[in-house]
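A.B. asks: Sequence and predicted model, in that order:
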Amino acid sequence: MVKFDQLHEQNHKITELSNVFQYLIRERAMCDTECARTLFAEYTTKVREHIEIVDQLCGKLISNPEQSARNTAKGFLSGSSEIKRIFAGYLKDWCAGTGACKELAIRDHAAFVTDTDQMFSLVLDRIQRETEHLYPLIRKLESARPSAEA
């Protein structure tokens, strides 16, 4: 059974971190603070964890007998791949060093804010689509399972 409370909590946390970070980085001097780095590190971790969980759910839907469920799962998995690719490019552009982003490397503040707004918007749009399309589909399939066995 899917733990929707966990998914909704992750969505809420990602949205909160996104809103605070986007507000914070409007001021250039705030971008170089430990607080901003901590928020950003937590954000990237939460987004990666969430996408991984949703990908696992979609992986299970791929074997569903309903074509519409399989199509939805394939769409979300495809979207995940695209978000991961864009996110990796974003991190490459704006983080110093390799691996986890321990420090932001902002050469052009205006471009950083624009790229961040676009990246975060992409993630928030994805979360909204999950909430409106994926979760209701999973709930429907889970509620139909016991009656199909009877």
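C.D. replies: Cool, the structure landed.

A.B. asks: packing partners for the helix or strand containing Phe40?
C.D. replies: Taking DSSP states H and E as the definition, Phe40 sits inside helix 34-61. Using 3 or more CB pairs under 8 Å, 6 or more residues apart in numbering; DSSP states H and E, the elements in contact with helix 34-61 are helix 4-24, helix 67-94, helix 135-149. In this view, the C-beta of every residue, glycine as well, is placed from N, C-alpha and C.

A.B. asks: Centre-most residue in the protein?
C.D. replies: Val47 (4.1 Å; CA atoms, centre = their mean).

A.B. asks: List the contacts of that residue.
C.D. replies: With contacts defined as CB atoms under 8 Å, 6 or more residues apart in numbering, Val47 is in contact with Ile14, Phe87, Val123.

A.B. asks: Show me which of the residues you listed is closest to His8.
C.D. replies: Distance to His8 across those (CB to CB) is lowest for Ile14, with 10.8 Å.

A.B. asks: wait, what's in contact with the residue lying closest to that closest one once chain neighbours are set aside?
C.D. replies: Distance criterion CB to CB, 6 or more residues apart in numbering; nearest residue to Ile14, sequence neighbours excluded, is Lys46 at 5.1 Å. Going by CB under 8 Å, 6+ apart, Lys46 touches Gln10, Lys13, Ile14, Leu17.

A.B. asks: Poorly predicted segments of the chain, please.
C.D. replies: The chain contains residues with pLDDT under 70 at 1, 97-100, 146-150.
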